[in-house]
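**Student:** have a look; sequence and predicted model below, questions after that.
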Amino acid sequence: MIQNILTDRRFSVLLFGVLAAAIFSVAIVTSGWIAGVDSPNLLAAAIAFDLLITVPLAFYFLVIRRNSMSLLALGPIVGAGWLAAYFILPVEHRAPLYVAEIGAIAFEAFIIFTISRNAVKAVRDPKNNSGDPLPSLRNIAADTIGNRRLGIAAGTEIAALYYAIISWFTKGRTPESAKAFSYHRRSGLVGIALILLFALVVETVVLHVVVSMWSPTAAWIITALSIYGGIWLLGHFRASVLRHVLVDDQSIAFKSGLLYDFSIPLAIVKCIAHSKPEDGKAVSAAIFGEASHWIVLNEEIEAEGAFGFTTKLDAVGFTPDEPTEFEAVVGSRIDLQKVQ
């Protein structure tokens, strides 16, 4: 009976709650002693250690391991410990928190490096015929983090950096068994991208100058967010140039920059239409303007987007750069599927 209690998941959560409450209570009490002890910095470091290390470790061994949870569940626990230490410790003794912040940044950088390194290996693997880093980044991030949706979101963010910066120095490749169709030229992507990026640079400079008169910190925050937005825009535009829609004998690998990446079996393709179907769930993936071609399906499929969110659709639209050839290739594949 005692063994059953000790292995019960609810008991482990309760035990962690009691232990965490005790540690937080001791931290609150001992924080009042900091001013009167001979080594206040050492006591402050001990309090921070308990809140930032001991409590998360207890949560890991008592809750995460026993319940097969994702390591991401540690995030709120570490965050709660950091906030508690921030309010408990006097301002002059918060140095351990700054060290913890540096450690958190280093850990995030390590995760990004690990995901990126594994993705590069996967893309360079001769067995990988796609040569497309985006799905590799998403899948590896999901495996590393332990959560599918958050992994896809993290993989997409890393992919934005890859396409904005690194992709200019690499060469993409198309599977020999597939026909590739681009979709960036007819949409005027290059011109629009240059205009948007130029406007973003001008707006960022003006906002930084104006806001810095009120708050330099706020000005730099806005500038950092603008730079992030610029990287994401450039990454999406670059991905739209490099990531083509692929058609082989079995399916259409539909891609749209960093936003969409899903497969459409040719067996369920009804036709290629030039206007949006009035009925059903049609989704346009055209970069700008109206889609010129719609892949209409006989049944709904689930399409996965940039941040792990899915949408159901029975028609998807885009604007191929070679519309006549696209219609001919897909049409012949559909007829072949019907014959088979």
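**Tutor:** In hand now; what should we look at?

**Student:** where in this structure is pLDDT low?
**Tutor:** Scanning the chain for pLDDT under 70 picks out the ranges 1-9, 68, 70-72, 116, 119-131, 172-173, 335-340.

**Student:** now do the helix ranked longest in it: distance to the chain's middle.
**Tutor:** Longest helix in the chain by number of residues (criterion: DSSP state H): helix 95-124. With C-alpha atoms, centre = their mean, to the nearest Å as the basis, helix 95-124 stands 14 Å off its chain's centre.

**Student:** how about the helix or strand containing R65: buried residues?
**Tutor:** For R65, the element it lies in under DSSP states H and E is helix 65-67. Buried residues in helix 65-67, counted by 16 or more other C-beta atoms under 10 Å: R66. For the C-beta atoms, the positions are set from N, CA and C on the backbone; glycine is no exception.

**Student:** list the contacts of the helix or strand that that helix is followed by.
**Tutor:** Remark: after helix 65-67, the chain's next helix or strand is helix 74-88, criterion DSSP H and E. Helix 74-88 is touched from outside by 24, 27-28, 31, 47-48, 51-52, 55-56, 59-60, 64, 94, 96-97, 100, 104, with contacts defined as C-beta atoms under 8 Å, 6 or more residues apart in numbering.

**Student:** angle of helix 74-88 against helix 95-124?
**Tutor:** 160 degrees (axes from the mean of the first three to the mean of the last three C-alpha atoms, to 10 degrees).

**Student:** mind exporting the C-alpha coordinates of helix 74-88 to PDB?
**Tutor:** Output in PDB follows, covering the C-alpha atoms of helix 74-88 (Å, rounded to 0.1, in the frame of the first residue of the first chain):
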ATOM      1  CA  LEU A  74      10.000  23.600 -16.200                       C
ATOM      2  CA  GLY A  75       9.600  27.100 -17.700                       C
ATOM      3  CA  PRO A  76       6.800  28.300 -15.500                       C
ATOM      4  CA  ILE A  77       8.500  26.800 -12.400                       C
ATOM      5  CA  VAL A  78      11.800  28.600 -13.200                       C
ATOM      6  CA  GLY A  79       9.900  31.800 -14.000                       C
ATOM      7  CA  ALA A  80       8.000  31.700 -10.700                       C
ATOM      8  CA  GLY A  81      11.300  31.100  -8.800                       C
ATOM      9  CA  TRP A  82      12.900  34.000 -10.600                       C
ATOM     10  CA  LEU A  83      10.000  36.400  -9.800                       C
ATOM     11  CA  ALA A  84      10.000  35.300  -6.200                       C
ATOM     12  CA  ALA A  85      13.700  35.900  -5.800                       C
ATOM     13  CA  TYR A  86      13.400  39.300  -7.600                       C
ATOM     14  CA  PHE A  87      10.800  40.500  -5.000                       C
ATOM     15  CA  ILE A  88      12.400  38.800  -2.000                       C
END
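
**Student:** one step back: ok, of the contacts of helix 74-88, which come out buried?
**Tutor:** 24, 27, 31, 47-48, 51-52, 55-56, 59-60, 64, 94, 96-97, 100.

**Student:** between the residues you listed, which is nearest T324?
**Tutor:** I64 (55.9 Å; C-beta to C-beta).

**Student:** now the closest one, nearest residue through space, not along the chain?
**Tutor:** Nearest residue to I64, sequence neighbours excluded (C-beta to C-beta, 6 or more residues apart in numbering): A73, at 5.8 Å.

**Student:** against K281, how distant is the one you found?
**Tutor:** Distance, A73 to K281, by C-beta to C-beta, to the nearest Å: 34 Å.

**Student:** against S263, how distant is A286?
**Tutor:** Counting by C-beta to C-beta, the gap from A286 to S263 is 19 Å.

**Student:** what's the domain layout of this protein?
**Tutor:** Split into domains by the TED database, the chain comes to 1-92, 103-167, 176-339.

**Student:** where along this structure do the helices fall?
**Tutor:** Going by DSSP H, the chain shows helices at 2-7, 9-31, 40-49, 55-59, 65-67, 74-88, 95-124, 133-145, 148-164, 189-212, 216-242, 323-339.

**Student:** now those in JSON lines, with distance to G308?
**Tutor:** Formatted as JSON lines, the helices of the chain follow (distance: least, C-beta to C-beta, whole Å):
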{"stretch": "helix 2-7", "distance to G308": "33"}
{"stretch": "helix 9-31", "distance to G308": "27"}
{"stretch": "helix 40-49", "distance to G308": "34"}
{"stretch": "helix 55-59", "distance to G308": "25"}
{"stretch": "helix 65-67", "distance to G308": "22"}
{"stretch": "helix 74-88", "distance to G308": "17"}
{"stretch": "helix 95-124", "distance to G308": "15"}
{"stretch": "helix 133-145", "distance to G308": "8"}
{"stretch": "helix 148-164", "distance to G308": "3"}
{"stretch": "helix 189-212", "distance to G308": "25"}
{"stretch": "helix 216-242", "distance to G308": "16"}
{"stretch": "helix 323-339", "distance to G308": "28"}
